[in-house]
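K.L.:
Give me the fold of what follows.
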Amino acid sequence: PPIDLVPTEAVTATWASECRVDPLGVPLSDKGDLLVRATATMREHGADLAEGLYQIWDTSKWFVSSEGHRIDQRIRECGGGVSATSIGDGETQRRSYPSYRGQYGTTGWELVESLDLAAHAARIAEESRELLTAPPCPAGETDLILGGEQLALQIHESVGHAIELDRILGWEAAFAGTSWLDLAQLGSLRYGSELMNVTIDPTIPGALGSFGFDDEGSPAVRRDAVREGRWVGV
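P.N.:
The predicted structure is shown next:
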């Protein structure tokens, strides 16, 4: 049967993420020297295994629709990180900087430069060795300060996947499963305390996941997913 699409205003536009230093234009020797210097420092400070990485994506998209859209976008993403692994007696510990698998954004090579990987290499290696002899964390109830990268992962898993509309409708499962949410609860379900607010914002410059237009031609816009503890958006 015919399908009625949500009416949208046709757009002709061009958008690109900010990129001050083209990551694919940086000499490969400079990139190699950066990783070699950082990993060598970690080995010198006790790491049994030292790893460094950078990754680059350069994506050009054209969106043309029967509704009249004519949109082209170029999104450049890059980032990097280091990790040090120390091996003890029946135990292995690893520390990473700036986080596991590195830090990334919709920006140029300037992001990698700002991380200053070599400057943190010694500390990361020393901390990985210290973890081998660190006493166990004491048991009991206490206040918790959650690190930013762990908080981001928690939101990603507990909120991000659950509010994906295709999962809620049963169209997408993959290894993450479907969703426990019911659209009938949108606007009323208590997701957390009144202090909890989660915003979907693809307009933040440099953020991984930022864009000018989505894959249906709609312009990027800031929207609430959870407001004052209630589920309000998909």
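K.L.:
where exactly do the helices run in the protein?
P.N.:
28-44, 110-115, 117-133, 148-155, 165-168 (DSSP state H).
K.L.:
Rebuild the ones you listed as JSON lines, extending it with mean pLDDT, distance to Leu189 and mean neighbour count.
P.N.:
The way it works is simple: take the backbone N, C-alpha and C, and place the C-beta from them, glycine included. Supplementary listing: those in JSON lines, determined by pLDDT from 0 to 100; distance: least, Cβ to Cβ, whole Å; neighbours: other Cβ atoms under 10 Å:
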{"stretch": "helix 28-44", "mean pLDDT": "97", "distance to Leu189": "46", "mean neighbour count": "16"}
{"stretch": "helix 110-115", "mean pLDDT": "97", "distance to Leu189": "37", "mean neighbour count": "18"}
{"stretch": "helix 117-133", "mean pLDDT": "96", "distance to Leu189": "40", "mean neighbour count": "19"}
{"stretch": "helix 148-155", "mean pLDDT": "88", "distance to Leu189": "16", "mean neighbour count": "12"}
{"stretch": "helix 165-168", "mean pLDDT": "92", "distance to Leu189": "12", "mean neighbour count": "16"}
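K.L.:
Mind listing the residues bridging to Trp57?
P.N.:
Bridge pairing for Trp57 (DSSP bridges) gives the partners Glu77.
K.L.:
Tell me the spacing between it and Arg74.
P.N.:
11 Å (Cβ to Cβ, to the nearest Å).
K.L.:
May I ask which helix or strand of this protein has the lowest mean pLDDT?
P.N.:
helix 148-155 (a mean of 88; mean pLDDT, DSSP states H and E).
K.L.:
which residues touch that helix?
P.N.:
Pro98, Ser99, Tyr100, Leu146, Val198 (Cβ atoms under 8 Å, 6 or more residues apart in numbering).
K.L.:
So which bits of stretch 6-20 are buried?
P.N.:
Val11, Ser17, Cys19 (16 or more other Cβ atoms under 10 Å).
K.L.:
Relative to Ser66, which of the helices of the chain is closest?
P.N.:
helix 165-168 (22.0 Å; Cβ to Cβ).
K.L.:
pLDDT score assigned to the most centrally placed residue in the chain?
P.N.:
By Cα atoms, centre = their mean, the chain has its centre lying nearest to Leu208, at 5.6 Å. Leu208 carries a pLDDT value of 88.
K.L.:
go on, Cys19?
P.N.:
Predicted confidence (pLDDT) for Cys19: 96.
K.L.:
One more: Val26?
P.N.:
97.
K.L.:
so how far is Cys137 from the nearest residue to it once chain neighbours are set aside?
P.N.:
Excluding its sequence neighbours, the residue lying closest to Val26 (Cβ to Cβ, 6 or more residues apart in numbering) is Trp109, at 5.1 Å. According to Cβ to Cβ, Trp109 and Cys137 sit 38 Å apart.
K.L.:
Distance check, the spatially closest residue to Gly52 that is not a sequence neighbour against Cys78.
P.N.:
Nearest residue to Gly52, sequence neighbours excluded (Cβ to Cβ, 6+ apart): Leu35, at 3.8 Å. Distance, Leu35 to Cys78, using Cβ to Cβ: 14 Å.
K.L.:
Residues in a beta bridge with Val82, which ones?
P.N.:
Gly52, Tyr97.
K.L.:
contacting residues for it?
P.N.:
Counting by Cβ under 8 Å, 6+ apart, Val82 makes contact with 35, 38-39, 42, 50-53, 96-97, 102, 117, 120-121, 124.
K.L.:
run the last query once more with 6 Å
P.N.:
Ala38, Gly52, Tyr97, Leu117, Ala121 (Cβ atoms under 6 Å, 6 or more residues apart in numbering).
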